[in-house]
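Visitor: Whatever this is, show me its structure:
(chains A and B)
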Amino acid sequence: GNSVTQMEGPVTLSEEAFLTINCTYTATGYPSLFWYVQYPGEGLQLLLKATKADDKGSNKGFEATYRKETTSFHLEKGSVQVSDSAVYFCALHLSGGSYIPTFGRGTSLIVHP
Amino acid sequence: GAVVSQHPSRVICKSGTSVKIECRSLDFQATTMFWYRQFPKQSLMLMATSNEGSKATYEQGVEKDKFLINHASLTLSTLTVTSAHPEDSSFYICSARWGASTDTQYFGPGTRLTVL
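Guide: Just a heads-up that it's a prediction; the model follows:
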């Protein structure tokens, strides 16, 4: 079956530090990959996505590259801000399927001033 | 972006009672709504998919008689937890999308259910 594995958090960083949140997946077929973000008290929001190997998704300074050879989709940001503090979810769904995503457990990011 | 609301955001109830959670799409018509359950430090688990005007499709292991889902209109879906027990305590999240061939879902803020 399909699964998504994320690094456990919380990840605690100082402002302007470099961020990496690891995500690996297993899937049958050719998945599309997503990162969602959940700010405190809010719903999940789509942060970025990539639909095929070697694609790079980017948004708000975050980026992630679809690596088929390592089955990974690590989230990176060069300089985090306090406002980036949230829970980040990696997810996949199979192309041509029902578009229902399989989520990772989520990784909490805490950024200190 | 599109907005999805949930009500209530937090509810505490006694064991044996029923609780209804509403999910509304505020600025678009949602042909499909999804209900998820999230345990602490765990991923979102899809409970069921509901299409407007038809019966919900439940995931394996989810009791349809316990978790009643109604999607009576294009902007409203409800989840009723019947005869709630402490093990039903969880964070319930809905999402909505329009169209069958889109991967974009819009999520509600979630409802924290605590059953005493």
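
Visitor: now the strands for the chain?
Guide: No chain was given, so I picked chain A. Using DSSP state E, the strands of chain A run over A:3-6, A:11-14, A:19-21, A:23-26, A:31-38, A:44-50, A:56-59, A:62-65, A:75-77, A:86-94, A:102-103, A:107-112.

Visitor: The intended chain is chain B.
Guide: Ranges of strands in chain B, per DSSP E, are B:4-7, B:10-13, B:19-25, B:32-38, B:44-51, B:57-58, B:67-73, B:76-81, B:90-97, B:106-107, B:111-115.

Visitor: could the ones you listed be laid out in CSV, adding mean neighbour count and distance to residue A:77?
Guide: In this view, the C-beta of every residue, glycine as well, is placed from N, C-alpha and C. Converted to CSV, these look like this (neighbours: other C-beta atoms under 10 Å in any protein chain shown; distance: least, C-beta to C-beta, whole Å):
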stretch, mean neighbour count, distance to residue A:77
strand B:4-7, 18, 26
strand B:10-13, 14, 31
strand B:19-25, 21, 30
strand B:32-38, 24, 24
strand B:44-51, 21, 23
strand B:57-58, 16, 37
strand B:67-73, 18, 37
strand B:76-81, 21, 34
strand B:90-97, 24, 25
strand B:106-107, 23, 21
strand B:111-115, 18, 29
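
Visitor: OK, contacts around the nearest residue to residue B:26 once chain neighbours are set aside?
Guide: Spatial nearest neighbour of residue B:26, excluding adjacent residues (C-beta to C-beta, 6 or more residues apart in numbering or on different chains): residue B:3 at 4.3 Å. Residue B:3 makes contact with B:25, B:26, B:27, B:106, according to C-beta atoms under 8 Å, 6 or more residues apart in numbering or on different chains.

Visitor: mind checking how far the second one is from chain A?
Guide: Same thing as residue B:26. Here the criterion is C-beta to the nearest C-beta, to the nearest Å. By it, residue B:26 lies 12 Å from chain A.

Visitor: Check the gap between that residue and residue B:108 for me.
Guide: 10 Å (C-beta to C-beta, to the nearest Å).

Visitor: which one of these two has more residues nearby?
Guide: Shown here are residue B:26 and residue B:108; by other C-beta atoms under 10 Å in any protein chain shown, residue B:108 has more neighbours (28 against 11).

Visitor: what's the pLDDT at the closest residue to the more buried one other than its chain neighbours?
Guide: What sits nearest to residue B:108 in space, not counting adjacent residues and going by C-beta to C-beta, 6+ apart, is residue B:6, at 3.8 Å. pLDDT recorded at residue B:6 is 95.

Visitor: And for residue B:40?
Guide: Taking residue B:40 on its own, its pLDDT is 76.

Visitor: Alright, I will stop here.
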